[in-house]
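J.: just need the structure, nothing else, for what follows:
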Amino acid sequence: MPHLIVEYSANVEDRIDLDGLLDRLHTAAAGYDVFPLGGLRVRAERREHYRVADGHPDNGFVHVTAIIGHGRPLAVRKEVGQGLFEVICDQLDGPFRGSPMAISFNIQEFHPELNYKQNNLHEHVRARAVDPAS
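T.: Okay, here's the model as predicted:
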């Protein structure tokens, strides 16, 4: 983990560099040694139907949810949260300055007993670290 889910209003898609945001979030999250690389997921979801603030059609939003494994200390969550939010705000600075936009970020934890998964990516990531051709 973490899973980073970028939700955005359809009207900002032509204003933002979505792939650039995903790349920067992935790189930033991978840089924290508290998250195993094999558990990292970064994805985006375009929202076609939305209302923002007074409903003006120019109003847009980008919201990122980070869902992380349960149990990390608050200080770690705050450090990671601040760092990722800075990446988000930096990447969206131009569009934010040029149009009405809400940017938000939230960290949630997977429930320690109700999180089900099957993942062999950890082994593949380790193998590629040893032999990039694998």
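J.: at which residues are the helices of the protein located?
T.: 18-30, 74-91, 93-98, 121-130 (DSSP state H).
J.: could you list the low-pLDDT ranges of this protein?
T.: 1 (pLDDT under 70).
J.: okay but residue 56 is in contact with residue 101, surely?
T.: No. Taking contacts as C-beta atoms under 8 Å, residue 56 lies outside contact range of residue 101: 11.6 Å. All C-beta spots, glycine's among them, are computed from the backbone N, C-alpha and C.
J.: ok, the two, which is more surrounded?
T.: For residue 56 versus residue 101, the count of surrounding residues by other C-beta atoms under 10 Å is larger for residue 101: 21 against 10.
J.: how about that one, nearest residue that isn't a chain neighbour?
T.: Sequence neighbours aside, residue 60 is the residue nearest to residue 101 in space, at 4.9 Å (criterion: C-beta to C-beta, 6 or more residues apart in numbering).
J.: for that neighbour, the count of nearby residues, please.
T.: 25.
J.: let me see the contact set for residue 103.
T.: 61, 62, 63, 88, 89, 92, 96 (C-beta atoms under 8 Å, 6 or more residues apart in numbering).
J.: which of these are buried?
T.: Neighbour counting by 16 or more other C-beta atoms under 10 Å classes 61, 62, 63, 88, 92, 96 among those as buried.
J.: could you work out the most separated pair of the residues you listed?
T.: Maximum pairwise distance among those (C-beta to C-beta): 13.3 Å, between 63 and 96.
J.: how far away is the closest residue in space to residue 81 that isn't next to it in sequence from residue 8?
T.: The shortest distance from residue 81 to any non-neighbouring residue, by C-beta to C-beta, 6+ apart, is to residue 107 (5.1 Å). Distance, residue 107 to residue 8, by C-beta to C-beta, to the nearest Å: 18 Å.
J.: neighbour count winner among the two?
T.: The residue with more neighbours, out of residue 107 and residue 8, is residue 8; 24 against 17, by other C-beta under 10 Å.
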